[in-house]
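> Mind looking at a prediction? Sequence and model below.
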Amino acid sequence: MSTTRAADSPAPDAVATALREADFIRLCPRPTGDALAAAGLLAYALRSTDTPFQVRTTRAATAPEGDGTAFALGWVAPDATFVPTGDRPVSVVAAEVSEELGVDPDPLVGLAGVVAAESAPGADGSGSLLEAAERTGAVDRRSGVAVPTADPAEGLANSTLLRAPYSDDADAARALLADLDYPAEPDDDDRRRFASVVALDATTDGPQRAAEAVGRALQPYATPRGPFATLGGYADVLGATAREAPGLGVALALGNDVVREAALDAWRSHAAATHGLLSNAGTARYDGAFVLRVDADPETTTALATAARLARDFLSPEPMAVVVTDGAAAAAGTDGTDVTRTLETAAGVGSACGDAREGEVRFDGEADEFVDGLRGAL
């Protein structure tokens, strides 16, 4: 059973009412940065109102069993109240639910979720979050590239917001900075030159959508009081921890800065795994899909979905990119095709989760069999 995109999010007051009426809450976010940010916002609100809760990410088609009332974030659950991906980021809906519960949402967490949802701060209903962040001095827009760390070379090499020649290669990123005479304390012109070169490197020989994708990582909002250097960097770490170390991600979304270094370690590991898959993939092009075959253990790999997203944005000449190994696949697509349903059809028998634009599936069988099924599904 797949969990696919719904057209509209539920009314925040209805979700708030359901939360008020529950004695114990189980928040079940999909392992995405947006859903994890939403879980953090709601968890903070529940803590502020003395409502018992737990948070557990899931890729299952139904909510994990347990006591209390389940709330699914970022997916449609047949056995739970749910806030699916849809016309707005899940984190935006969660922020509005928090306000309905009488708790001011943390604008940085909410906006990090918005960026993780491939939206922009201030767009898709996040205007009040951006206004709150700007009013309190929590964000400051500037030129440059969105990275989580003060070291731009490390940030660039480990970014999963873009794919460029220096991805997973810190030495190459440092060489770029050296060629640009990038100073230790850059001014706006230095950052602008840096961003221009990164944009060019990331889009050369890529599909047209690469320009839009890399644009989301440029002119970032700096976060002087946040756990990471920029909102985009925060979103990058949230997305990585959601898949690599969800417990850390939950703590991070709850505002626990103690886990910052551990979260950065998870981000580095996830980036290395993601870019490693892309660098070593065999590729094939079909009508409607660009397929990347990789050698990975489906029981342990956490990077298939991130690799599929980057492949769609920076590598794929087709509207859908599919990363497949024996027993598992992930896909990312543009609007128009429900990729999660396509994955489920291709797998025949399997458990798929995701939405219309991004999804993943586990199945019994080899990659070749899955690709045959994919060609039929397309």
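That came through fine.
> hey, let's count contacts and neighbours off CA atoms from now on
OK.
> Give the rounded mean pLDDT of stretch 148-156.
Averaging pLDDT along stretch 148-156 yields 96.
> again with stretch 108-120
Across stretch 108-120, the per-residue pLDDT values average to 96.
> Show me where the stretch 151-300 of the chain has its strands.
Using DSSP state E, counting those that start in this stretch, the strands assigned to the stretch 151-300 of the chain run over residues 221-222, 282-286, 289-293.
> Could you list the low-pLDDT ranges of the chain?
Counting by pLDDT under 70, the chain shows low-confidence ranges at 1-9, 350.
> okay, now the domains of it?
12-133, 147-220, 280-377 (automatic domain parsing).
> TSV for these, including mean neighbour count and distance to Gly249?
Conversion of the domains of the chain to TSV gives the following (neighbours: other Cα atoms under 10 Å; distance: least, Cα to Cα, whole Å):
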stretch	mean neighbour count	distance to Gly249
domain 12-133	22	7
domain 147-220	18	14
domain 280-377	21	14
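> for the ones you listed, which one sits closest to Arg260?
With distances scored as Cα to Cα, the stretch of the domains of the chain nearest to Arg260 is domain 147-220 (10.4 Å).
> Could you tell me the end-to-end distance of stretch 18-37?
End-to-end distance of stretch 18-37: 20 Å, with Cα to Cα, to the nearest Å as the criterion.
> So what's the gap between it and the chain middle?
In this view, stretch 18-37 has its centroid 17 Å away from the chain centroid, taken as Cα atoms, centre = their mean, to the nearest Å.
> Number the chain from 55, please
Let's use 55 as the start, then, which means that last one is stretch 72-91.
> Nearest to Arg84 among the strands of the stretch 205-354 of the chain would be which one?
Evaluated with Cα to Cα, the strands of the stretch 205-354 of the chain place strand 343-347 nearest to Arg84, the distance being 23.7 Å.
> tell me what the helix or strand following the closest one is packed against?
Taking DSSP states H and E as the definition, the helix or strand that follows strand 343-347 towards the C-terminus is helix 358-368. For helix 358-368, the contact count by 3 or more Cα pairs under 8 Å, 6 or more residues apart in numbering; DSSP states H and E identifies helix 263-269, helix 314-333, strand 374-379, strand 382-387, strand 412-417 as packing neighbours.
> Got the phi and psi for the closest residue in space to Phe282 that isn't next to it in sequence?
The shortest distance from Phe282 to any non-neighbouring residue, by Cα to Cα, 6 or more residues apart in numbering, is to Pro202 (4.8 Å). For Pro202, the backbone dihedrals are phi -90, psi -20 (criterion: degrees, to the nearest 10).
> Just to check, Pro202 is in contact with Gly280?
No: counting by Cα atoms under 8 Å, Pro202 stays clear of Gly280, with 10.0 Å between them.
> ok, back up a step: want to try JSON lines for the domains of the chain, with distance to Val193 as columns?
Conversion of these to JSON lines gives the following (distance: least, Cα to Cα, whole Å):
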{"stretch": "domain 66-187", "distance to Val193": "6"}
{"stretch": "domain 201-274", "distance to Val193": "9"}
{"stretch": "domain 334-431", "distance to Val193": "27"}
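> Compare those and give me the one nearest Leu302.
With respect to Leu302, and counting by Cα to Cα, the nearest of the domains of the chain is domain 66-187 at 10.5 Å.
> From one end of the closest one to the other, what's the distance?
Criterion Cα to Cα; first-to-last residue distance in domain 66-187 is 21 Å.
> roughly how far out does that domain sit from the chain middle?
On the basis of Cα atoms, centre = their mean, domain 66-187 is displaced by 15 Å from the centre of the chain it belongs to.
> Also stretch 339-351?
Stretch 339-351 sits 21 Å away from the centroid of its parent chain (Cα atoms, centre = their mean).
> Quote the end-to-end distance of that stretch.
In stretch 339-351, first residue to last residue: 23 Å (Cα to Cα).
> what comes into contact with that stretch?
When contacts are defined by Cα atoms under 8 Å, 6 or more residues apart in numbering, stretch 339-351 is touched by residues 331-332, 334-338, 370-380, 421, 429, 432.
> residues in contact with the spatially closest residue to Leu272 that is not a sequence neighbour?
Distances taken as Cα to Cα, 6+ apart place Val199 nearest to Leu272, at 4.7 Å, with adjacent residues excluded. Val199 makes contact with Arg245, Phe248, Ala249, Ala271, Leu272, Gln273, Pro274, according to Cα under 8 Å, 6+ apart.
> next one: Ser182
Gly176.
> Look up how far Leu364 lies from it.
Using Cα to Cα, one obtains 30 Å as the distance from Ser182 to Leu364.
> do Thr399 as well
Going from Thr399 to Leu364 by Cα to Cα gives 23 Å.
> How far away from the center of its chain is stretch 241-258?
Mean C-alpha position of stretch 241-258 versus that of the full chain (Cα atoms, centre = their mean) differs by 23 Å.
> got the contact list for that stretch?
For stretch 241-258, the external contacting residues (Cα under 8 Å, 6+ apart) are 196-199, 216-219, 231, 234, 236-237, 264-265, 268-269, 272-273, 368.
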